[in-house]
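Novice: could you look at this predicted model? Sequence included:
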Amino acid sequence: MNSRILLVALLVASLGACSKPAGEPAAPSGEPAAPAEDAAAKGAALLGPFKVNLMQAFSTGMQQGPESAIGVCRDEAPGIAASLSVDGVRMGRSSHKLRNPDNAPPEWLVPVLDTYVSGDAQGPQVVELADGRHGYAEPIMMQGMCVMCHGSNIQPAVAARTAELYPEDQATGFGEGDLRGVFWVEF
Ligand code: HEC
C-alpha cells in the first residue's frame, strides 16, 4: 500500500464519516418488503466504488495541481458515475449549489437535499420509489482541501478556469464543514 492509496482511504473514510446508515422507513408501517436498513446498506455498498474511484482520480489529478484537477473532476467524475450506472443502477453527485448543471438532482432527491440544507437531517436517507426501486443519499461535507475550488478565496488561475468551464457556477463560498452536496444512487 503506498501513501497515495492510504490518503485515498482516509479521504473516503472522512467523506463518509458524517454518518452511519440509518435509513428512514418511507413505506407505510406493516409493509415488510425491503426494510429501509437493507436498502441503506445496499445504497452505501453501491456508492463505495464510486467514492473510491473518484478520490483516486482526484488525488492523481491534484498531483499536477488544482488547475489540472479541475479537468479530472469535469471529465472523469461523470464517466466514473456512468461506468457504475449499470443493471438498473444510476448514481451521481448533486448539490443545492451546483457547479455543473448536469449534476442537477433527480426529482426524488430534491426534498432529501432540502432536509440536509435545513439541517433537519444529517445522515443517509432512503426513499421508496415506484416499482420497488429505492433512492439512497448521503451528505457530502466540505473538507479543508475542497476550499481550493469551492471556497471564498480561490486562486485567480483556478477561478478563471472554473468560470470558463462553468459559466453558471454557484459552488463557491463554502467553508470547511459546510454541506457541499450529496452522493446519490437509485436501484
Ligand atoms: C481542483 C478543484 C476542485 C477541488 C479541490 C474540489 N472540487 Fe468539487 N468540483 C470541481 C469541479 C470542476 C466540479 C464539476 C464537476 C462536473 O463537471 O461534474 C465539482 C463538482 C463537485 C460536486 C458535484 C455537484 C456540482 O456542484 O456540480 C460536488 C458534490 C463536489 N464537487 C464536492 C467537492 C468536495 C467535497 C471536495 C473536497 C473533498 C471538492 N469538491 C474538491 C472542482 C473541485
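Specialist: Nice, I can see it.

Novice: could you use CA atoms for every contact and neighbour count after this?
Specialist: Noted.

Novice: nearest spatial neighbour of Ala159, chain-adjacent residues omitted?
Specialist: Nearest non-adjacent residue to Ala159, counting by CA to CA, 6 or more residues apart in numbering: Cys149, 7.5 Å away.

Novice: so which strand or helix has that neighbour?
Specialist: Element membership for Cys149 (DSSP states H and E) is helix 147-150.

Novice: next, the contact list for the residue nearest to Ala159, please.
Specialist: Contacts for Cys149 (CA atoms under 8 Å, 6 or more residues apart in numbering) come out as 66, 158-159, 172.

Novice: so which of the residues you listed are also by the ligand?
Specialist: Restricting these to those touching the ligand (CA under 6 Å from any ligand atom) yields Pro66.

Novice: dump the contacts of Cys149 to JSON lines, plus neighbour count.
Specialist: Output for the contacts of Cys149, formatted as JSON lines (neighbours: other CA atoms under 10 Å):
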{"residue": "Pro66", "neighbour count": "18"}
{"residue": "Val158", "neighbour count": "18"}
{"residue": "Ala159", "neighbour count": "16"}
{"residue": "Thr172", "neighbour count": "19"}
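
Novice: can you name the element that comes right after the helix or strand harbouring Cys73?
Specialist: Secondary structure from DSSP H and E places Cys73 in helix 66-84. Using DSSP H and E, the helix or strand that follows helix 66-84 in sequence is strand 90-94.

Novice: now do that next one: which elements does it pack against?
Specialist: helix 66-84, strand 179-186 (3 or more CA pairs under 8 Å, 6 or more residues apart in numbering; DSSP states H and E).

Novice: okay, who's weakest in the contacts of Cys149 by pLDDT?
Specialist: Comparing pLDDT over the contacts of Cys149, the lowest score belongs to Pro66 (87).

Novice: what's the following helix or strand past the helix holding Cys149 packed up against?
Specialist: Following helix 147-150 in sequence order, the next helix or strand is helix 156-165 (DSSP H and E). Helices and strands touching helix 156-165, by 3+ CA pairs under 8 Å, 6+ apart, are helix 66-84.

Novice: now do the helix it packs on: distance to the chain's middle.
Specialist: Computed by CA atoms, centre = their mean, to the nearest Å, the chain-centroid distance of helix 66-84 equals 13 Å.

Novice: ditto for stretch 123-135
Specialist: In terms of CA atoms, centre = their mean, the centre of stretch 123-135 is found 16 Å from the chain centre.

Novice: buried stuff in it?
Specialist: Across stretch 123-135, burial judged by 16 or more other CA atoms under 10 Å covers 123-128, 134-135.
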